[in-house]
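Chemist: just the structure for this:
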Amino acid sequence: SHDLRTPLSGIRAMVEALEDGVVDDPATVARHLTTIRQEADRLAQLVDDLFELSRIQAGALDLDLERVGLAELVSDAIAATGVAADARGVVLEGEMVEPAPEVAASIPDLARVIRNLLDNAIRHTPRGGAVRVEAAAIGDHAVLSVCDGCGGIPDNEIDRVFDLAFRGDAARTPGEGGGGFGLAIARGLIEAHQGDIAVANEADGCRFTVRLPLGH
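Modeler: Model (predicted):
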């Protein structure tokens with residue numbers, strides 16, 4: 001509720017300022033309009049996340065499975081999050097162990113998982129840090145890892161990071177992010193693919209690991 005109300009309140013205040021003529025110089029008007037659009041985009045993402053969560057919780061996911069290479073999905077996700085990483089001064093790195101694994105998956109849903117993990121890692125890695133994506137076939141599973149430089153997750157929080165709407169205090173910036181849905185959505189989508197997702201502290205950050213059956 002808070003994450004929906006905050007952008008709505010901002011949009012209302014700026015619209016009222018424009019309607020009442022309190023703001024009329026071109027530069028400020030343009031700035032208000034840009035902010036309104038950004039907040040509307042944020043609201044749209046929250047609504048989309050809530051819809052996805054409702055599908056997951058209702059068991060209503062209808063996965064259209066196709067064979068897809070993880071290398072292709074990782075490359076697309078890195079390209080999509082590159083601007084955000086550059087803006088935060090975070091380096092994105094990728095490593096694929098050949099032959100790059102292929103899985104049977106719903107391409108949009110698996111792409112969303114990778115994007116959510118990258119968004120989360122970039123958001124919690126300090127400027128000058130790096131986010132690394134690794135993919136390989138290990139046994140009868142495709143394994144994808146996203147490593148960040150968040151400084152680690154406290155022991156009393158690490159078992160809750162995939163819980164719906166959970167947001168810990170460490171390495172967080174007030175006002176950033178969405179409703180805390182990204183990791184919950186990732187877990188739901190991976191489990192719908194008969195896979196699993198886990199997190200562990202490692203070095204100066206943490207590693208999120210997704211395992212999916214390779215199939216034949």
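
Chemist: okay, and the nearest residue to residue 100 once chain neighbours are set aside sits in which element?
Modeler: The spatial neighbour of residue 100 that comes closest, neighbours along the chain excluded (Cβ to Cβ, 6 or more residues apart in numbering), is residue 71 at 3.8 Å. Using the backbone N, CA and C atoms, a C-beta is placed for each residue, glycine as well. In this assignment (DSSP states H and E), residue 71 forms part of helix 70-88.

Chemist: next, the buried residues of the longest helix anywhere in the chain.
Modeler: In the chain, ranked by residue count with DSSP state H as the criterion, the top helix is helix 26-57. For helix 26-57, a neighbour-count test (16 or more other Cβ atoms under 10 Å) marks 32, 36, 39, 42, 43, 46, 49, 50, 52, 53, 55, 56 as buried.

Chemist: my read: the fourth one touches residue 7, true?
Modeler: Going back to what we said before, that points to residue 42. Yes - the pair residue 42 / residue 7 is scored as a contact, 5.2 Å apart, by Cβ atoms under 8 Å.

Chemist: would you agree residue 95 falls within a strand?
Modeler: Yes - assessed by DSSP: H, G, I helix; E, B strand; the rest coil, residue 95 belongs to a strand.

Chemist: quick check: it vs residue 64, distance?
Modeler: Note on residue 95: its distance to residue 64, by Cβ to Cβ, to the nearest Å, is 29 Å.

Chemist: next one: residue 39
Modeler: Per Cβ to Cβ, residue 39 is found 33 Å from residue 64.

Chemist: before we move on, what about residue 156?
Modeler: 39 Å.

Chemist: ok, residue 196 next?
Modeler: 21 Å.

Chemist: swap in residue 24?
Modeler: 51 Å.

Chemist: do residue 158 as well
Modeler: 33 Å.

Chemist: neighbour count: these two, which is higher?
Modeler: Taking neighbours as other Cβ atoms under 10 Å, residue 158 and residue 64 compare with residue 158 leading, 16 against 9.

Chemist: just confirm residue 122 is within a strand.
Modeler: No - Residue 122 is assigned helix when assessed by three-state DSSP, not a strand.

Chemist: OK, contacts around it?
Modeler: For residue 122, the contact set (Cβ atoms under 8 Å, 6 or more residues apart in numbering) comprises 81, 84, 85, 88, 90, 92, 131, 148.

Chemist: perfect, I'm done here.
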